[in-house]
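> Below are the sequence and a predicted model for it; my questions follow.
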Amino acid sequence: MTGNAKQEKITSIRIRPEEPRDYDVVYEINRLAFDSSNEAEIVNKVRYHVGPVISLVAEINSQIVGHIMFSPVKIVGYINDWEAIGLGPVAVLPEYQRQGIGSSLICAGLEVCCQLDQYIVFVLGHHDYYPRFGFELASRKGFHYKSTEYDPNFFVLELKHGALLGKFGYVHFLPAFGID
């Protein structure tokens, strides 16, 4: 079935919180979307050892086709350490990609962040994708991830005006990500 045939069948995208019965499907979505089990394993580690702050699924015609997770990040500042939220991974089944599902998950997740008073969101991702949601280069705001080699792909979003005021430092994702 072509992407167009799938798109014709999409009547609406339903975004809802992930439930335990979704875990196996979410694992498979992440495995297929990234063509590896790395991100799927990260989701499981975060879910079972930390508990994600936000984990949502996207359904089309009662089928789960996408997933997004937001989890705590630690910012080591020059004076104080503090916490914010990190976006990732976001995954959509390959046959449903480029149809707005990932965007819908991101927008819904950012709304939930605001509801939970999480006003600073970091993401390590594609430099052409995340700015469309308002993300800015984190280095321009005084934030870095590991080293400057990541700066072109490391972003921050301030969901409440002034949330970043006086804040800066190095951002550390959870150990489950295996990237710090």
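Cool, got the structure.
> Which parts of the protein are helices?
Assigned by DSSP state H, the helices in the chain fall at 3-9, 23-34, 38-49, 101-115.
> how close does residue 155 sit to residue 25?
Counting by CB to CB, to the nearest Å, the separation of residue 155 from residue 25 is 28 Å. C-betas here are computed from N, CA, C, even on glycine.
> scratch that, residue 104
For residue 104, the distance to residue 25 - CB to CB - is 17 Å.
> Give me the more crowded residue out of the two.
Neighbours per residue (other CB atoms under 10 Å) separate residue 104 from residue 25, with residue 104 holding more: 19 against 16.
> Which strand runs longest in this structure?
Of all the segments of type strand in the chain, defined by DSSP state E, the longest one is strand 63-76.
> tell me the angle that strand makes with helix 101-115.
Orientation of strand 63-76 against helix 101-115 (axes from the mean of the first three to the mean of the last three CA atoms, to 10 degrees) gives an angle of 50 degrees.
> Just put the helices of the chain in CSV and tack on distance to residue 143.
Output for the helices of the chain, formatted as CSV (distance: least, CB to CB, whole Å):
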stretch, distance to residue 143
helix 3-9, 36
helix 23-34, 25
helix 38-49, 21
helix 101-115, 17
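> Those helices: which one's closest to residue 175?
When the helices of the chain are compared by CB to CB, helix 38-49 sits nearest residue 175, at 8.4 Å.
> Buried ones in the closest one, by neighbour count?
Across helix 38-49, burial judged by 16 or more other CB atoms under 10 Å covers 39, 40, 42, 43, 44, 46, 47.
> Can you tell me the closest non-neighbouring residue to the second one?
Spatial nearest neighbour of residue 40, excluding adjacent residues (CB to CB, 6 or more residues apart in numbering): residue 30 at 3.9 Å.
> Would you mind measuring from that neighbour to residue 64?
11 Å.
> can you give me phi and psi for residue 100?
With angles defined as degrees, to the nearest 10, residue 100 sits at phi 90, psi 0.
> and it, what is it in contact with?
Applying CB atoms under 8 Å, 6 or more residues apart in numbering to residue 100 gives the contacts residue 13.
> about what we covered before: by how many degrees do the longest strand of the chain and helix 23-34 diverge?
On the basis of the same axes, to 10 degrees, strand 63-76 is oriented at 80 degrees to helix 23-34.
> Which other helices and strands does strand 63-76 contact?
Here strand 63-76 touches helix 23-34, helix 38-49, strand 54-60, strand 81-92, helix 101-115, strand 169-172, going by 3 or more CB pairs under 8 Å, 6 or more residues apart in numbering; DSSP states H and E.
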